[in-house]
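**Student:** here is a sequence with its predicted model. Questions after.
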Amino acid sequence: MGADVVGVAPALAPAPETMGPNGRIARAARSLPCSTENRQSRHSDESGSNMAIITVFDIPGGTQAQYEQVTNEMTGGRGLVRNRKDWPVPGLISHAAGPSPTGWFVTDVWESEDAFAKFGKKLAPLMEKAGMPMGEPAVYQAFNVVTD
């Protein structure tokens, strides 16, 4: 199989704004320091589309049970999502979650800042409902993402 390059950025840079109970997660992606001339499509053309981003959630005190509750509610009771096409909003490239030494850890790759922002609007209230600590995501521009 061939490799598909998703995005190219001049440098990785964390977003200055982070998540909180009032929906800041949806704005975290929008606050990436990236000029318009650097926003490129999945194939680095001149279409003006947003480039891929990487989100990293380190959630001290978060648990597997809370993660499972959030994903179950997000999928309308279907449990864990096993295929990115079943994700509740389009644009997810990859997702990994697991325990960390201090709680729970999640890393996603999204096709664009906008896709992550749409997901954030769904995620924040579900995390709050599950009593999951509102971890602050680090958001980075992807330099290279291989999908196949």
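**Tutor:** Everything's here; your move.
**Student:** now do A26, the pLDDT please.
**Tutor:** A26 is assigned 43 on the pLDDT scale.
**Student:** and if you look at P16?
**Tutor:** P16 is assigned 37 on the pLDDT scale.
**Student:** and what of the one 3 residues further on?
**Tutor:** Turning to M19, the model gives it a pLDDT of 40.
**Student:** cool, F143 as well?
**Tutor:** Predicted confidence (pLDDT) for F143: 93.
**Student:** what about it, distance to G77?
**Tutor:** Using C-beta to C-beta, to the nearest Å, F143 is found at 38 Å from G77. Every residue, glycine included, has its C-beta placed from N, CA and C.
**Student:** between those two, which is the more surrounded one?
**Tutor:** The neighbour count for F143 versus G77, taken as other C-beta atoms under 10 Å, is higher for F143 (16 against 7).
**Student:** burial of V89, as a residue count?
**Tutor:** Look at V89: counted by other C-beta under 10 Å, it has 17 neighbours.
**Student:** pretty sure A142 sits against D108.
**Tutor:** No: at 10.9 Å, A142 does not count as touching D108 under the criterion of C-beta atoms under 8 Å.
**Student:** no more questions from me, cheers.
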